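Trainee: below are the sequence and a predicted model; questions follow.
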Amino acid sequence: LALRRLAAEASPGGAALSGEQAERVLDMAERRPGTASLDVGAGLRAVVEYGMVRFSSAARPVAPEPVLLPVPGRVAFGEWEVEARREPGPPAGHAHDVLLDAEALGSAVTVRSWRDGDRLRPAGAGGTKSLQDLFTDVKIPRELRATLPVVEADGEIAWVAGLAVGERFRAVRGAERVVAIAARRGPTAGPRPS
């Protein structure tokens, strides 16, 4: 009953989930580890992620187009606003900012979506890791992965928003110049200089 109510609330037209569809969703939740999804009709998809069931639009999110982020500067990237600020040295920072080495970063970076095969050399971890594995490890839902900002400099991933910093771009203690980059979800006014 609760499953059918959730589906009705998520459906644009309040379409009801049949008993058979509800059984299929529950069966999928019990038998499939990780992530699985099932189109249940009326533009609705049941998604099971790590044991949790939710309903969403059957349409997959479209990855935003890559944008050039001047340093300093601010750009809109899909539902995100990404901002880069030059700092004279390691500031106290904000909880949602990441500090990157200004020298390694350069004067402009690209903000883009992840691509199949992307790899990152996470700061302090040694070796490389695929973004696919990173997303799986921290349980980022598949449908959100395409919309998450990835900051790239000189063809190398510098930062995956909120998740990991590339080793070469990490601001080290005593760095003379750093760049604070923040990614926040919400309405933006589009690109504008800082």
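Mentor: Cool, got the structure.
Trainee: what's the mean pLDDT across the longest helix along the chain?
Mentor: Of all the elements of type helix in the chain, the one with the most residues (DSSP state H) is helix 19-31. The average pLDDT for helix 19-31 rounds to 87.
Trainee: give the contact list for A108.
Mentor: 68-71 (CB atoms under 8 Å, 6 or more residues apart in numbering). C-beta: built from backbone N, CA, C; applies to glycine.
Trainee: ok, now with 10 Å
Mentor: Counting by CB atoms under 10 Å, 6 or more residues apart in numbering, A108 touches 68-71, 73, 84, 153.
Trainee: what packs against the helix or strand A104 falls within?
Mentor: Element membership for A104 (DSSP states H and E) is helix 102-105. In terms of contacts (3 or more CB pairs under 10 Å, 6 or more residues apart in numbering; DSSP states H and E), helix 102-105 is packed against strand 80-87, strand 150-153, strand 156-160, strand 178-185.
Trainee: buried sites along the longest helix of the chain?
Mentor: By neighbour count on 16 or more other CB atoms under 10 Å, the buried set for helix 19-31 is 21-22, 25, 28-29.
Trainee: ok, the closest residue to R119 other than its chain neighbours - how many residues close by?
Mentor: With sequence-adjacent residues excluded and distances taken as CB to CB, 6 or more residues apart in numbering, R119 is closest to T128, at 4.6 Å. By the measure other CB atoms under 10 Å, the count of residues near T128 is 13.
Trainee: now the helix or strand hosting L100 against strand 80-87, angle please.
Mentor: Using DSSP H and E, the element containing L100 is strand 97-101. Strand 97-101 runs at 50 degrees relative to strand 80-87, counting by axes from the mean of the first three to the mean of the last three CA atoms, to 10 degrees.
Trainee: distance of S57 from A10?
Mentor: Remark: distance between S57 and A10 (CB to CB, to the nearest Å) = 8 Å.
Trainee: please disregard the earlier target; I meant R184.
Mentor: Distance from R184 to A10, by CB to CB: 26 Å.
Trainee: who has more neighbours out of the two?
Mentor: Using other CB under 10 Å, the more surrounded residue of R184 and A10 is A10, with 20 against 13.
Trainee: one step back: ok, and what's touching the strand holding L100?
Mentor: 71, 83-85, 87, 89-91, 93, 109, 123, 151, 153, 158-166, 168-172, 175-184.
Trainee: one more time with 6 Å, if that's ok
Mentor: Strand 97-101 is contacted from outside by 158-159, 165, 169, 171, 175, 178-182, using CB atoms under 6 Å, 6 or more residues apart in numbering.
Trainee: and what of stretch 48-64?
Mentor: By CB under 6 Å, 6+ apart, stretch 48-64 touches 6-7, 10, 28-29, 35-36, 39, 43-47, 77-78, 113, 139, 141, 143, 146-147.
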